[in-house]
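In: Give me a 3D structure for the following:
(2 chains)
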There are 2 protein chains.
Amino acid sequence: MSADGPCRGLSLNTATVRQQWTLKEMIPACRHFGFTGISPWRDQIAATGLGETAQMIEGEGLAVTGVCRGGMFPWADAAGRAAMLDDNRRAIEEARTLGAECLVLVVGGLPPGSKDIEGARAMVAEAVDVLLPEARAAGVPLAIEPLHPMYAADRACINTLGQALDLCDLLGDGLGVALDVYHVWWDPMLSAEIERAGQRLLAFHVCDWLVPTRDLLLDRGMMGDGVIDIPAIRRQVQAAGFAGHAEVEIFSAETWWTRPPEEVLATCRERYLTAV
Amino acid sequence: MSADGPCRGLSLNTATVRQQWTLKEMIPACRHFGFTGISPWRDQIAATGLGETAQMIEGEGLAVTGVCRGGMFPWADAAGRAAMLDDNRRAIEEARTLGAECLVLVVGGLPPGSKDIEGARAMVAEAVDVLLPEARAAGVPLAIEPLHPMYAADRACINTLGQALDLCDLLGDGLGVALDVYHVWWDPMLSAEIERAGQRLLAFHVCDWLVPTRDLLLDRGMMGDGVIDIPAIRRQVQAAGFAGHAEVEIFSAETWWTRPPEEVLATCRERYLTAV
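Out: Numbers count the residues shown, from 1 in each chain, chains lettered A, B, ... in the order given. Here you go, the predicted structure:
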């Protein structure tokens, strides 16, 4: 048992210390700092090996609150479409092997040269429709993550919780959402859509929105350092029926990625208790 | 008559060449490059003088498609609230003097230290409710500009066209919206909300969303250089009844603010004809 003891409901998204540690280092550290869940990225899983990753995570008794990530659906041509489907099938298999609670889908933005965002959204629906029966058969829930509108062009053309839930309504069982406070905190419809989401909430990600934000991608804040009322959103998510982990996912090139990883994990734990 | 001839429907938001020129230089240049409208910023009006600005614009026969800007409503304390109202009253008076088609409202974000975005939104509604009768009496339409969600914390907590129209519904005549493609292009509800807006569309701003976008504030693109289907949005706006100018507003610290202003204006004109 670690000096800190387990901190129920706290999960580490492995992007948070990706510049400092490999998965092999992160997995025991999660246990040491009291995290009870982990959500690994696929490049990190590949670097450690899928079998060894699964074994280590099981050995530490951690829940796998997600695998990051499938998606990037919109295609430029038939070869691109086939490669995208293959990659997503591998992602489903990896999530199955790890016993993940969901495979997180970052759905992708516009294909190269396109200005047709509604066309990209139609491609997302088509690809998820193809993959969903396979994910169901593998027992892997798919979690669409609506991304902040500033990523609509190049990362995800699903940009609100309402839009993600419309897709769930369209495509049926086995599909839900991963809700990250960073992406949705501004949305005037957020409370109503969280209530609507109910059991389709498959993952809950936390970090904070800094003022000023210096970079569109790599300047996320530690919980409590920004302007998001995280406890209010968490209460809504719990009231809607979500009983899973809060997963800390911080991309922070100039701050948290430069700190000793032990300090980062200790801070995540402390802030989970005071600011989530 | 200039070498280029007038280009009906084209307006210059003066932020576009603010690093190169004062208003005194921009106003005759607008006429020279065929712009038929102008939308000046208040700091530039103050630098030139309100009376002289009005006289010069009238002398060149330009429409004033807006004054930028009123707003920044949420307050920290009673003194802040009073100063905010005073400043907005001056803005209304300046817009009246210039015969502007509207006063653009950038409504403001969270007060210092606040995480209460719904509270900030309530302050916006309260302030507009106070100011609207005065704007009506002055004959100055107020145009709420929904800003991209990436500005929710520090610039504007009204982030979708739907939200702006809800406020119009609540507060009544004399209030409309300024629609900037940069802020709203990603919105899955955009088409429906433009149709809903109808005669409440008071201004239409154009620029483009670049991929990648290197800065949250100062990396807007020239029309045609990004991913926004501007002609499609313009057709919708016109179908909804808007017959006013397309106003070019580009904040571009590393590109367009470094170019000779004549080149910038000539490019705006060319792109207006080919990419708007």
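
In: Contact residues of the stretch 101-250 of chain A facing chain B?
Out: A:110, A:114-117, A:121, A:148-150, A:152-154, A:157, A:159-160, A:163, A:185-188, A:209, A:211-213, A:216, A:226-229 (CB under 8 Å from any CB of the partner chain). Just so you know, the C-beta spots here come from the backbone N, C-alpha and C atoms, and that holds for glycine as well.

In: Kindly recompute the last result at 7 Å.
Out: Neighbours of chain B within the stretch 101-250 of chain A, by CB under 7 Å from any CB of the partner chain: A:110, A:115-117, A:148-150, A:152-154, A:159-160, A:163, A:186, A:188, A:209, A:211-213, A:216, A:227-229.

In: burial measure for A:Ala192, as a count.
Out: If you count neighbours by other CB atoms under 10 Å in any protein chain shown, A:Ala192 ends up with 13.

In: Would you mind measuring from it to A:Gly162?
Out: 8 Å (CB to CB, to the nearest Å).

In: ok, which stretches of the stretch 151-276 of chain A are strands?
Out: With DSSP state E, counting those that start in this stretch as the criterion, the stretch 151-276 of chain A has strands at A:175-180, A:201-206, A:246-248.

In: export those strands to TSV and tack on mean pLDDT, mean neighbour count and distance to B:Gly99?
Out: Output for the strands of the stretch 151-276 of chain A, formatted as TSV (pLDDT from 0 to 100; neighbours: other CB atoms under 10 Å in any protein chain shown; distance: least, CB to CB, whole Å):
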stretch	mean pLDDT	mean neighbour count	distance to B:Gly99
strand A:175-180	98	26	47
strand A:201-206	98	26	50
strand A:246-248	98	27	54
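
In: so can I have a markdown table of the ones you listed showing distance to B:Ala91?
Out: Formatted as a markdown table, these follow (distance: least, CB to CB, whole Å):
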| stretch | distance to B:Ala91 |
| --- | --- |
| strand A:175-180 | 37 |
| strand A:201-206 | 39 |
| strand A:246-248 | 43 |
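
In: What residues does A:Pro145 make contact with?
Out: Rather than Pro, residue A:145 is Glu. A:104-106, A:178, A:180 (CB atoms under 7 Å, 6 or more residues apart in numbering or on different chains).

In: Now for those residues: which two are most distant?
Out: Of all pairs drawn from the contacts of A:Glu145, the greatest distance, 12.5 Å, lies between A:Leu105 and A:Asp180 (CB to CB).

In: Might one say that A:Ile92 is in contact with A:Pro141?
Out: No - with contact defined as CB atoms under 7 Å, A:Ile92 and A:Pro141 do not form a contacting pair (10.4 Å).

In: Residues in contact with stretch A:77-84: which ones?
Out: A:72-73, A:75, A:127.

In: what do you get if the cut-off is 10 Å, keeping everything else the same?
Out: Stretch A:77-84 has contacts (CB atoms under 10 Å, 6 or more residues apart in numbering or on different chains) with A:70-76, A:108, A:111-112, A:123, A:126-127, A:130-131.

In: now do stretch A:89-99
Out: Outside stretch A:89-99, the residues that touch it by CB under 10 Å, 6+ apart are A:38-40, A:42, A:45-46, A:50-51, A:53-54, A:57-58, A:63-64, A:66-71, A:100-105, A:130-132, A:134-142.

In: Show me the beta-bridge partners of the one residue sitting closest to the centre of chain A.
Out: Against the mean C-alpha coordinate of chain A, by CA atoms, centre = their mean, the closest residue is A:Val104 at 5.3 Å. A:Val104 has these beta-bridge partners by DSSP bridges: A:Cys68, A:Ala143.

In: mind checking how far A:Gly174 is from A:Gly71?
Out: A:Gly174 sits 15 Å away from A:Gly71, going by CB to CB.

In: let me fix that: A:Pro188
Out: Distance, A:Pro188 to A:Gly71, by CB to CB: 26 Å.

In: Correct me if wrong: A:Arg259 contacts A:Ala253.
Out: No - the pair A:Arg259 / A:Ala253 is not scored as a contact, 11.7 Å apart, by CB atoms under 10 Å.
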